[in-house]
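Participant: fold the stuff below for me.
(2 chains, ligands or ions: 1)
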Amino acid sequence: MQMPEPDQAVIGRRRELIQALQRIVAGEGVIYDEAALKAFECDGLTAYRQPPMIAVLPETTEEVSAVLRLCHEEGVKVVPRGAGTSLSGGALPLADGVLLGMGKFNRVLEIDYENRCAVVQPGVTNLGITHAVQDEGFYYAPDPSSQIACTIGGNVAENSGGVHCLKYGLTTNNILGLECVLITGEVIRIGGKHLDSEGYDMMGLLTGSEGLLGVVTEVTVRILKKPETARALLVGFQDLEKAGDCVAKVIAAGVIPAGMEMMDRPAIHAAEAFCQAGYPMDVEALLIVELDGPAAEVDHLIDVVRGISESCGAVSVRVSESEEERLSFWAGRKAAFPAVGRISPDYYCMDGTIPRHKLPHVLTRISELSEHYGLRVANVFHAGDGNLHPLILYDANQPNELERAEDFGSDILKLCVEVGGVLTGEHGVGVEKRDLMGEMFSKADLDQQQRVKCAFDPDGLLNPGKVFPTLHRCAELGRMHISRGQMPFPDLPRF
Amino acid sequence: MSGLLKPADAEQAREAIAWAVAEETPVEIRGRGSKASLGRPQQTDYQIDLSGLSGISLYEPDELVMSAGPGTPLAEIEAALAEHNQELAFEPADYGPLLGVAAEAGSIGGVFACNLAGPRRIKAGAARDHFLGVHGVSGRGEAFKSGGRVVKNVTGYDLCKLMTGSYGTLAAMTDLTFKVLPLPEKTRTVLALGLQDEAAVALMCEAAGSPHEVSGLAHLPGPVAARSGVSYVAGAGTSVTAIRVEGPGPSVEYRCDALKQMASGKGAVEELHSHNSAALWREIRDVTAFAADAVGSERPLWRLSVTPTNGAEAAKKIQDQAEGEAVFDWAGGLIWLSLAAADDAHADLVRGAVAAAGGHATLVRAADAVRAAVSVFQPQPAALAALSARVKDSFDPRRILNPGRMYPGV
Ligand SMILES: Cc1cc2nc3c(=O)[nH]c(=O)nc-3n(C[C@H](O)[C@H](O)[C@H](O)COP(=O)(O)OP(=O)(O)OC[C@H]3O[C@@H](n4cnc5c(N)ncnc54)[C@H](O)[C@@H]3O)c2cc1C
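Facilitator: The predicted model follows:
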């Protein structure tokens, strides 16, 4: 993976930059000790490591603004970071860059139950928001599996999802307002406690922009009242195709479950070995379907889903009869990543999305690829919305295995695009999928995206080397190629 | 010279815009023209009419996805969805009558370009939340795409979001892919009668904060309710606050009872079933209460999106100083205000109240001269306005597409 060539002139000014930063952020907030910098050298995509030139941990929007203004004036690159759980290398530092850690922005600023929202700082963890409002029976709906650790700022930057996004939407559907600092140090506020921000939907654009457009310093999130009850079904199938068919039929019947997850045999076995969730071991595919709402609704829909499952050839159906049982159904799924980590020295998590009905085809191709590359794979799948997480098992200590795993991974993602899907459903492009962007987008598509980047960051200082396979200068992107010609289709009536 | 260009496909649309770019002549981008009077009045010599890019090119009910050309009539899309018991869950409004043109005249391109959303916005989101993929032609005369056909997608910037609510000022959309959802099995509406605006907003916020997944929360003050086509509502003789629940049968009954209980302490309670319920919410969605003023009246019509609990107070502040009528939707967060005629449409008064409440205001209907003189869209603080202008530059550096429709010079 090629990162932008470090600017030796900037590295040469490191000492002055440290001093200038110390004038903005006092004391411990500026980190330059080599050992301490190592703590930031990678995010959740551990195959790539690079300690930053300097790390800064500001505490106020004013400090963020001053740091960015300084970096802008000095031509220094900046990489924002939340908790560093990104799986795509979004928070990978740069040798000539300042790492802007947002961890100290960890306060819940306001909870407004009447208007069903909370105003929080970006370093608050995803689960921290729910914890802050749960006493009143509220929660924050998007629930990435990393929710104990990941920050809401990182969630906004990645537009993160979770198992309940099928019914409740992704981050982008659950935020109302943002405060954001541009690379120039300008602070903009978008939205608030009302719906639909005025003018261009900058909030929608910033969500999922992977730290390339601005630094989020405050987020207003929607909170929801907890459903009265939730129950889940655990449904086993002898083949994946039938499980896929069942998912399609549930949706076709007009049921949108709170969550609908699928695991294949290797994932089931890994999860069962890891946490004894009580999963059936003799099935090829396992579905977890959760319904929530008042008991009358949940009981009714459980029956509907049970009926559909049986008609699709389910070989085992269990319905949770208690909250403990429901949680035990989820325990295995939620621990799928560490569980796979237990059965293999290393694993590599993919994140493509496909049209649901392509699932059998894609899984067949993945198992062929698995044989081709000689690497095992376990699949967990946000089945309801077509988001596939194949986990490729490898051993980084074996020669070439990492490269093989990466090649296998890119073949899977190309396959996703080929069947009408996309490279990444929720983990982001980062550095990981950067060079695959051409599989999905033409040069014209990518040029237009980069022009939008230029509107925010004309010198390309915010998180460069991520998302875009080739960097162009904004002046070059702005040039127009104009050919004067005839008025098109002059035969049409005009008045 | 002036004229109308009516491309028949995406390539012709690109040619038309490339020509306009080369000529440096601004063009008005229109779908079916039903919302042409929304926004600042435009003065372009040429129009590019996208109604020829019409038709549903993909509809997979099991995958909950549809693609269509921008000129496809919304009515055609809704009919196709209804055949499979599906719908656009964000309940796009039909502003036709409100803007003095025919009903059911809008296009799907217009729905997304204006980010329409009806009463179900509070539960299901707006057009922006359902937009999955777009093909378009920028004001540089270049074709590009963004997004895809799947719900979960974070591959590159979400330019669909930028397109929604950009009123054709960034690109001419040539193909749209969006999410569709199953129709709810059953609907019920609880009516609370006789509540003052403040009390109504309080009740609506309480209902919104309940676990009942309420899908509509609107309040019609007495004189507005009296004009309803639903006899229960018109005959109430007082204000009507409406609470809608939708879903599977057993659930709707249960939730409906719980909400009736919640409302019963506050005033008389009624219940509307399928037909009347649907008719009432269509009226609220399309703001029919103020449609009669569309022709031959100079009354300006404002749309305010505010912090819900501040809604009633904001409306009152304005109505204390200008004669006006209000309709509240979105639990008080959306206020439609029809005010006495004035050269400035009472813009300072409205925007002052909105600033205090937190939110924004759009002048949806007023004479051309008024819309040219006052800001139709909420003026933005300097840094954000400059950013909007740079985003416009990134798509349309020569200001070819609907220039000035949203903000002067943008
Ligand atoms: C075990 C595990 C399970 C996971 N499960 C899920 C899952 O179910 N669903 C899912 O969507 N993701 C999942 N992830 C991925 C990851 O947790 C999310 O992408 C998360 O949102 C990242 O948050 P973070 O705070 O760790 O951000 P970081 O990793 O620190 O940063 C991520 C990106 O956001 C940018 N960024 C961070 N903070 C800011 C800010 N304040 N302003 C601007 N940019 C900022 C960074 O520059 C970087 O590009 C998982 C990760 C792990 C390790």
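Participant: contacting residues for residue B:46?
Facilitator: Going by CB atoms under 8 Å, 6 or more residues apart in numbering or on different chains, residue B:46 touches B:2, B:3, B:4, B:5, B:20, B:25, B:26, B:27, B:28. Bear in mind the C-beta positions are built from the backbone N, C-alpha and C, glycine included.
Participant: out of those, which touch chain A?
Facilitator: B:2, B:3, B:4, B:5 (CB under 8 Å from any CB of the partner chain).
Participant: closest one of those to residue B:219?
Facilitator: Distances from residue B:219 to the ones next to chain A among the contacts of residue B:46, taken as CB to CB, are shortest for residue B:4 (42.9 Å).
Participant: show me the ones next to chain A among the contacts of residue B:46 that map onto strands.
Facilitator: The strands, defined by DSSP state E, take in B:3, B:4, B:5 from the ones next to chain A among the contacts of residue B:46.
Participant: ok, how many other residues are close to the second one?
Facilitator: If I follow you right, that is residue B:4. Residue B:4 has 15 neighbours, counted by other CB atoms under 10 Å in any protein chain shown.
Participant: where along chain B do the helices fall?
Facilitator: B:10-23, B:74-83, B:108-113, B:121-124, B:159-163, B:197-208, B:222-226, B:231-234, B:249-264, B:274-286, B:311-321, B:347-357, B:368-373, B:382-395 (DSSP state H).
Participant: out of the ones you listed, which one sits most buried?
Facilitator: Highest mean neighbour count of those: helix B:108-113, a mean of 28 (counted as mean count of other CB atoms under 10 Å in any protein chain shown).
Participant: which residues touch residue B:311?
Facilitator: Counting by CB under 8 Å, 6+ apart, residue B:311 touches B:201, B:304, B:328, B:332, B:333, B:334, B:335, B:357.
Participant: give me the pLDDT for the closest residue to it other than its chain neighbours.
Facilitator: Spatial nearest neighbour of residue B:311, excluding adjacent residues (CB to CB, 6 or more residues apart in numbering or on different chains): residue B:332 at 3.4 Å. Here the pLDDT value assigned to residue B:332 is 97.
Participant: repeat that for residue A:489.
Facilitator: Note for residue A:489: predicted pLDDT of 68.
Participant: quick revisit: which of the contacts of residue B:311 lies closest to chain A?
Facilitator: Distance ranking of these against chain A, using CB to the nearest CB, places residue B:333 first at 5.7 Å.
Participant: what about residue A:156? Give its phi and psi, please.
Facilitator: Dihedral pair for residue A:156: phi -70, psi -50, per degrees, to the nearest 10.
Participant: any idea how many residues pack against the closest residue to residue B:23 other than its chain neighbours?
Facilitator: Leaving aside its chain neighbours, residue B:23 sits nearest to residue A:484 (7.5 Å; criterion: CB to CB, 6+ apart). Using other CB under 10 Å, residue A:484 is surrounded by 9 other residues.
Participant: what is the burial count for residue A:54?
Facilitator: Residue A:54 has 20 neighbours, counted by other CB under 10 Å.
Participant: run through the stretch 151-300 of chain A and note the low-pLDDT ranges.
Facilitator: Applying pLDDT under 70 to the stretch 151-300 of chain A picks out no residues at all.
Participant: if I look at the residue of it found nearest the ligand, how far off is residue A:465?
Facilitator: Per CB to the nearest ligand atom, residue A:154 is where the stretch 151-300 of chain A lies closest to the ligand, at 2.2 Å. Residue A:154 sits 18 Å away from residue A:465, going by CB to CB, to the nearest Å.
Participant: hmm, stretch A:360-372 touching chain B?
Facilitator: No. Stretch A:360-372 does not reach chain B (CB under 8 Å from any CB); its nearest approach is 12.4 Å.
Participant: flag every buried residue along that stretch.
Facilitator: By neighbour count on 16 or more other CB atoms under 10 Å in any protein chain shown, the buried set for stretch A:360-372 is A:362, A:363, A:365, A:366, A:369, A:370.
Participant: grab the nearest non-local neighbour of the fifth one.
Facilitator: The spatial neighbour of residue A:369 that comes closest, neighbours along the chain excluded (CB to CB, 6+ apart), is residue A:411 at 5.4 Å.
Participant: let me know the secondary structure of that neighbour.
Facilitator: For residue A:411, the assignment made with DSSP: H, G, I helix; E, B strand; the rest coil gives helix.
Participant: what pLDDT does it get?
Facilitator: Taking residue A:411 on its own, its pLDDT is 97.
Participant: tell me the contacts of residue B:100?
Facilitator: By CB under 8 Å, 6+ apart, residue B:100 lies in contact with B:37, B:294, B:295, B:365.
Participant: just the buried members of those residues?
Facilitator: B:37, B:294, B:365.
Participant: how about those in TSV, adding pLDDT and distance to residue A:308?
Facilitator: Formatted as TSV, the buried ones among the contacts of residue B:100 follow (pLDDT from 0 to 100; distance: CB to CB, whole Å):
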residue	pLDDT	distance to residue A:308
B:37	88	48
B:294	82	48
B:365	96	48
